[in-house]
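Trainee: sequence plus predicted model, see below.
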Amino acid sequence: MNRREYMALLGGTMLMSNGFVASTAFAQDGEVDTSNVVEMALGDENAPVTFIEYASFTCPHCARFHQSQFKDLKADFIDTGKVRFIHRDVYFDKFGLWASMVARCGGQDRFFGITDMIYEEQRDWIGDGTDAGVADRLRTIGKKAGLTPDELDACLSDRDHAQALVAVYQENSETDQVNSTPTLIIDGKKYQNMAYPELKEIIEGKLN
């Protein structure tokens, strides 16, 4: 599926000011500048283990992972310099893309804090699944995280950035063959979601 077909599948809509949505005309297939897409990461860049999570903001399993396993992972391995953690967005639907644009609006310093809020409030902001309702509730999360209305307007109306995010997602998902979330890549080996004791055992094995 090319980018144009993918954007059509997502609904071809973008968040606009005051929580409304508007149709967009995405560019024809061609070269997309992805240089402004930042890899969102936590932990020591030189940590002995690299842990990549592919996650969708609309995935209930991803929300549970971040409310449970991730907290232990962060305390035991990320904060102690043993694991470099990378969060990669997966866009199975337009709401996941919108949520990613809100999370990224705060830059790398605030990304994980906003991510926590989006996962914690997942059921609430998805709500009845209407475009306008989801848009309004995502903007509310952004404001609670300290983003101004002008900052949100700039981030959420940036069509070029949306296309770049999709291009990076498609490239990464093809490389790592990601078709479900959360998908975990630990030092280059792919795993599916698992309980924390199992996850801890795998990481400790790689550290040893």
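Mentor: Received, thanks.

Trainee: nearest residue to the residue most central in space within the chain in space, please, no chain neighbours.
Mentor: Centroid-nearest residue in the chain: D89, 3.3 Å away (criterion: C-alpha atoms, centre = their mean). Closest residue to D89 apart from its sequence neighbours, by C-beta to C-beta, 6 or more residues apart in numbering: S100 at 4.5 Å. For every residue, glycine as well, the C-beta is placed using N, CA and C.

Trainee: ranking helices and strands of this protein by mean pLDDT, which lands last?
Mentor: Sorting the helices and strands of the chain by mean pLDDT, DSSP states H and E puts strand 21-23 at the bottom, at a mean of 41.

Trainee: list the buried ones in the helix ranked longest in the chain?
Mentor: When the chain is parsed with DSSP state H, its longest helix is helix 159-176. For helix 159-176, the neighbour count (16 or more other C-beta atoms under 10 Å) marks 161-170, 172-173 as buried.

Trainee: can you give me the helices in the chain?
Mentor: 3-10, 60-67, 69-73, 94-105, 107-120, 122-126, 131-144, 149-156, 159-176, 196-207.

Trainee: which one of the ones you listed is the most hemmed in?
Mentor: Most buried of these by mean neighbour count (mean count of other C-beta atoms under 10 Å) is helix 94-105; its value is a mean of 24.

Trainee: tilt between that helix and helix 159-176?
Mentor: Counting by axes from the mean of the first three to the mean of the last three C-alpha atoms, to 10 degrees, helix 94-105 points 110 degrees away from the direction of helix 159-176.

Trainee: ok, G146 - contacts?
Mentor: Contacts for G146 (C-beta atoms under 8 Å, 6 or more residues apart in numbering) come out as 106, 110.

Trainee: what pLDDT does it get?
Mentor: G146 carries a pLDDT value of 96.

Trainee: give me the phi and psi for it.
Mentor: With angles defined as degrees, to the nearest 10, G146 sits at phi 100, psi 10.

Trainee: check E45 too.
Mentor: Dihedral angles (degrees, to the nearest 10) for E45: phi -60, psi -30.

Trainee: can you count the residues close to it?
Mentor: E45: 7 surrounding residues under other C-beta atoms under 10 Å.
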